[in-house]
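>>> Below: sequence and its predicted model.
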Amino acid sequence: MKAFYFAKIDYIKARTQLYVLLVITAVVVVIMQMSKDMTGQAGFMYGVFLAIVFSTTPFGNCTRKDVGFQQLLPATTLQRVMGRFVYGLSMLFIGIGIGLVAAAGYSILTGQRETIPLPLCLIIFAVGLILITVQYIFFYLVGESKGAQFLSLVRMVPGMCFFFGSIKLTGEIQKDPSGAAKIIEMIGGNLDSIGWGSVALAVLVMAGGILVCTRATMKKDY
């Protein structure tokens, strides 16, 4: 599928940022082992936070010449936009992988067994995908070649809201575990359904985002 070729182009343009991502990940893992306040779940959240931030890198590297070159390639606007979303989705999977590795490393090195339930992973994945979609819609409406001008202002806001919001929620749960247990008891056996339902909703939001971004790009191209 041609969309994967455009995702590959984004990876080539963002390869320097990916090296930075690896360095940041190594530093975070070290800090987690040294800090008593950090937990495995916090490391998992941080991995997704990095994915949300770095998923916008291609917009910062995009110039008018790049846009013109991609328009000359034998592909439709929909395929170009889908390629960008494939890049964002793959970055999210990479971020989740980083988070799981960080959480596992924390458990091994500290001896504190800490598991991350599958429904929680699914919900976090869904939130991350929705935030990436919202960012992409914004940049496509503004214009790909103008993304660099707004990148530093916009790219950190959704990620920071996600990270600190999730950490705050985790902290509140740890302060009142009995209250959290009551909520889980009220949910009952529907936690898995909520997790998968969140993913389904996020996929629908992404599909809608692809259509919105495609129409916006077509108007700018013509």
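Alright, I've got the coordinates.
>>> contacts, neighbours, all on C-alpha from now
Noted.
>>> and Cys161, backbone torsions?
Dihedral angles of Cys161 (phi, psi; degrees, to the nearest 10) stand at phi -60, psi -40.
>>> So what's the residue count around the nearest residue to Leu129 once chain neighbours are set aside?
Leaving out its chain neighbours, the residue that sits closest to Leu129 by CA to CA, 6 or more residues apart in numbering is Ala202, at 6.2 Å. Residues within reach of Ala202, counting by other CA atoms under 10 Å, total 21.
>>> Correct me if wrong: Ala202 contacts Val127.
Yes. Using CA atoms under 8 Å, Ala202 is in contact with Val127, at 7.2 Å.
>>> so what does the one helix or strand Leu191 maps to touch, helix or strand wise?
Leu191 belongs to helix 191-221 when elements are defined using DSSP states H and E. Applying 3 or more CA pairs under 8 Å, 6 or more residues apart in numbering; DSSP states H and E, we find helix 191-221 packed against helix 77-110, helix 118-142.
>>> Tell me the buried residues in that helix?
191-192, 194-199, 202-203, 205-206, 209-217 (16 or more other CA atoms under 10 Å).
>>> can you give me the mean pLDDT across that helix?
For helix 191-221, mean pLDDT rounds to 87.
>>> related to what we said a few turns ago, nearest to Leu50 among the helices and strands packed on helix 191-221 would be which one?
helix 77-110 (6.3 Å; CA to CA).
>>> what comes up buried for the closest one?
Buried, per 16+ other CA under 10 Å, within helix 77-110: 77-89, 91-96, 98-107.
>>> Report the rounded mean pLDDT for the strand or helix carrying Leu22.
If you go by DSSP H and E, Leu22 is part of helix 15-34. Averaging pLDDT along helix 15-34 yields 68.
>>> Quick one: name whatever helix or strand follows that helix.
helix 40-54.
>>> That next one packs against which elements?
Counting by 3+ CA pairs under 8 Å, 6+ apart, helix 40-54 packs on helix 15-34, helix 77-110, helix 118-142, helix 156-175.
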